[in-house]
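Asker: how would this look folded up:
(2 chains)
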There are 2 protein chains.
Amino acid sequence: MNEEIKINLTAGFICPIPKSEYDKILLAHGGGGSLSHQLISKMFLPQFDNELLNAQHDSAIFTVGKNKFAFTTDSYVIQPIFFPGGDIGELAVNGTINDLAVSGAKPLYITTAFIIEEGLPIDNLWKIVLSMKEAAKKAGVLIVTGDTKVVERGKGDKIFINTSGIGIVEEGIDISPKNCREGDVIIINGSIADHGIAIMSARERLAFETEIISDTAPLNDLIRSVLSASKNVHVMRDPTRGGVASTLKEIAMTAQMGIEIDEAKIPIKEEVKGACEILGFDPLYIANEGKVIIFAAKEDEKKILSVMRAHQFGKESIVIGKVVKEHPGTVVMKTIIGSTRVVEMITGEQLPRIC
Amino acid sequence: MNEEIKINLTAGFICPIPKSEYDKILLAHGGGGSLSHQLISKMFLPQFDNELLNAQHDSAIFTVGKNKFAFTTDSYVIQPIFFPGGDIGELAVNGTINDLAVSGAKPLYITTAFIIEEGLPIDNLWKIVLSMKEAAKKAGVLIVTGDTKVVERGKGDKIFINTSGIGIVEEGIDISPKNCREGDVIIINGSIADHGIAIMSARERLAFETEIISDTAPLNDLIRSVLSASKNVHVMRDPTRGGVASTLKEIAMTAQMGIEIDEAKIPIKEEVKGACEILGFDPLYIANEGKVIIFAAKEDEKKILSVMRAHQFGKESIVIGKVVKEHPGTVVMKTIIGSTRVVEMITGEQLPRIC
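Answerer: Below is the predicted model:
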């Protein structure tokens, strides 16, 4: 410890996160909410500072020759590693595919890096490898390189997986929060909070009448259909950590536009709603792994809904809100009982290690 | 546990690693030696099976339009996270830069994904971020996107970092073990085993008369000079985990050529040699983080050595051996006392979590 402290004292720069607030990393720093946001905006962005990073897409977008590429990375630390509807391997492949897809890219290649805790049954790794293979095949991407590290018992937790991905953005496609316009409709492709509640039920061994399963799915094909049908898609995001609420709030802040959503329109399964009530969770903040939120010009609403509803991962697609010029940076929800509520970013951490 | 076992039974395929041998992951599965090799050759390659992966470069090489790219990933789990000569942040940036560079690529963009253990002092993260910034700047690459996950106390170990990278391979450059030819000279850019022994001394709080510091360094500029000086560079590798021995053995096996090295020629610092003797380590198997092994046509030996020796990271560059057609797949070393020794891949794990 002495050594580390010494090094810190000689670093020569003052850490920008107010120490009086938090001097240690909390679970919430990885929760996709306001503390994550603080790390990104106060520490990572000002230091690593460059145009590609500062754009704050789900992927970095860069151009080489005539081609535009998307490049993204995500680590998966989900617990448990096997859960109803999927496992950490499938999640890791789908998650990176979706990050590329919501950036408007066609995913091409992904890498996989394992950090394994000593003692993991080889059979578990084997099951995860098969599941990654299957997920990559379904989405039409190749796993092209990898890395394996092993840490001692008690220094990891079974297995963590990082996947990074590269995709190609076709000419004319420009997806970004800054493109969001007044009057844009906000579409979601199905029910919210399935993933988080499936993990929670597996973790706590809760039994519901109907088994709740994760919505983990590759969204690249669905998104490709949408982009073929409309040239007026402005923003896309997958509402994972922090849920629909944090995702919308982030877009509103980046775009400096207002967002209005209608609670009655947001699809949610009865059993998921019930589980959230019992557990005291707000489903708007629960992670999804097979959902995309699309902002598009009102004039293309019907065209987009029609192609989405024809797709296996978009059958329940629906408009849940719109972009307004009032209250820039703020998300307002009309609740079912008719009042309105301001939707903030998640602050604490409802469900650590959800992805 | 029951759940996981159930899932395994229904997986439908038999795990290809002989269970009688190891049914659990050992530290050595991440050591870069024969067990790592078994995971790769029996599990990952046959399942993820594709041309790019099967080439088994340090990076996957792919072409889009007229451009050839290199894509690589590595996770860093080094312990301690601050050590003489560097820290995990600098190591993570340099390591991925070097993987791209030894593939013949000019590194362009890297991603960074943190897995942090709850409770890490924010100051430590800050120091690491500054160090990554500095390393990226030195090597002329941009950190363009990232991810942060936090796990509970006791489920991680301070911080793990994954970096993935993209680089461009210039026209006419083709670096690959399969290009290795009879008569090629084998060059190294300096002394071996510094990194591993620096970590070991930090970990065990050993005090040597002279402080041994890690050789962590970005090699892209050195390698660019070499590739500008000679069109006859055939293979390059950075001898990290598993050391010079495992790296040479892997090349010999992939190329199906013989390799002869001369122990007396291999540069090693006196204090590192002494530490290895005391600790019972073979320096040939110790990790390096600022070294590159270059196989090139004999005719270009002088040209290459001259540009290497003019570079800050290549002052002690020297020829340590050559490629022969005898004993394909085997590395033979002429020892200092004049006998010969067959050099195998590392089997156990001398130094876990060295990178």
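
Asker: can you give me the strands in the stretch 51-200 of chain A?
Answerer: Using DSSP state E, counting those that start in this stretch, the strands of the stretch 51-200 of chain A run over residues A:60-64, A:67-76, A:82-83, A:86-87, A:105-117, A:142-151, A:159-169, A:185-188.

Asker: so of these, which one's packed in deepest?
Answerer: Highest mean neighbour count of the strands of the stretch 51-200 of chain A: strand A:159-169, a mean of 27 (counted as mean count of other CB atoms under 10 Å in any protein chain shown). All C-beta atoms are positioned from the backbone trio N, CA, C, and that covers glycine.

Asker: check the offset of it from the chain's centre.
Answerer: In terms of CA atoms, centre = their mean, to the nearest Å, the centre of strand A:159-169 is set 13 Å apart from its chain centre.

Asker: that strand pairs with which strands, and in what direction?
Answerer: Paired with strand A:159-169 in the same sheet, following DSSP bridges, are strand A:67-76 (antiparallel), strand A:105-117 (antiparallel).

Asker: and the angle from the first one to strand A:60-64?
Answerer: Spelled out, that is strand A:67-76. Angle of strand A:67-76 versus strand A:60-64, following axes from the mean of the first three to the mean of the last three CA atoms, to 10 degrees, is 150 degrees.

Asker: cool, and the longest one?
Answerer: When the same axes, to 10 degrees is applied, the directions of strand A:105-117 and strand A:60-64 differ by 120 degrees.

Asker: sorry, back to before: just send the strands paired with strand A:159-169 back as CSV, with mean pLDDT too.
Answerer: Conversion of the strands paired with strand A:159-169 to CSV gives the following (pLDDT from 0 to 100):
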stretch, mean pLDDT
strand A:67-76, 97
strand A:105-117, 98
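
Asker: quick one: those strands as TSV, columns for distance to residue A:339 too.
Answerer: Shown next, in TSV, are the strands paired with strand A:159-169 (distance: least, CB to CB, whole Å):
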stretch	distance to residue A:339
strand A:67-76	37
strand A:105-117	40
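
Asker: mind checking which of those strands is nearest residue B:129?
Answerer: Residue B:129 lies closest to strand A:67-76 among the strands paired with strand A:159-169, at 16.0 Å (CB to CB).

Asker: quick check: buried residues in the biggest helix by length in chain A?
Answerer: The residue-count maximum for a helix in chain A (DSSP state H) belongs to helix A:122-139. For helix A:122-139, the buried set under the neighbour-count rule, 16 or more other CB atoms under 10 Å in any protein chain shown, comprises A:122-133, A:135-136, A:138-139.

Asker: tell me if that helix is near chain B.
Answerer: Yes. Counting by CB under 8 Å from any CB of the partner chain, chain B has neighbours in helix A:122-139: A:122, A:123, A:124, A:125, A:126, A:127, A:129, A:130, A:132, A:133, A:136.

Asker: what score does the third one have for pLDDT?
Answerer: It stands for residue A:124. Here, the pLDDT recorded for residue A:124 equals 97.

Asker: pick the one among the buried residues of helix A:122-139 closest to residue B:229.
Answerer: Checking the buried residues of helix A:122-139 against residue B:229 by CB to CB gives residue A:136 as the nearest, at 40.1 Å.

Asker: helix, strand or coil for the most centrally placed residue in chain A?
Answerer: Closest residue to the average C-alpha location of chain A: residue A:240 at 3.1 Å, with CA atoms, centre = their mean. What DSSP: H, G, I helix; E, B strand; the rest coil gives for residue A:240 is coil.

Asker: verify the stated contact: it with residue A:355.
Answerer: Yes. Residue A:240 lies in contact with residue A:355 (CB atoms under 8 Å); the separation is 5.7 Å.

Asker: overlap in contacts, those two.
Answerer: Residues touching both residue A:240 and residue A:355 by CB atoms under 8 Å, 6 or more residues apart in numbering or on different chains: A:95, A:287, A:289.

Asker: so which of those is the most crowded?
Answerer: Among the shared contacts of residue A:240 and residue A:355, residue A:287 has the most neighbours (other CB atoms under 10 Å in any protein chain shown), with 29 neighbours.

Asker: against residue A:168, how distant is it?
Answerer: 28 Å (CB to CB, to the nearest Å).

Asker: please apply the same query to residue A:186.
Answerer: 27 Å.

Asker: will you turn the shared contacts of residue A:240 and residue A:355 into a markdown table that also has pLDDT and distance to chain B?
Answerer: Formatted as a markdown table, the shared contacts of residue A:240 and residue A:355 follow (pLDDT from 0 to 100; distance: CB to the nearest CB, whole Å):
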| residue | pLDDT | distance to chain B |
| --- | --- | --- |
| A:95 | 98 | 10 |
| A:287 | 96 | 12 |
| A:289 | 98 | 15 |
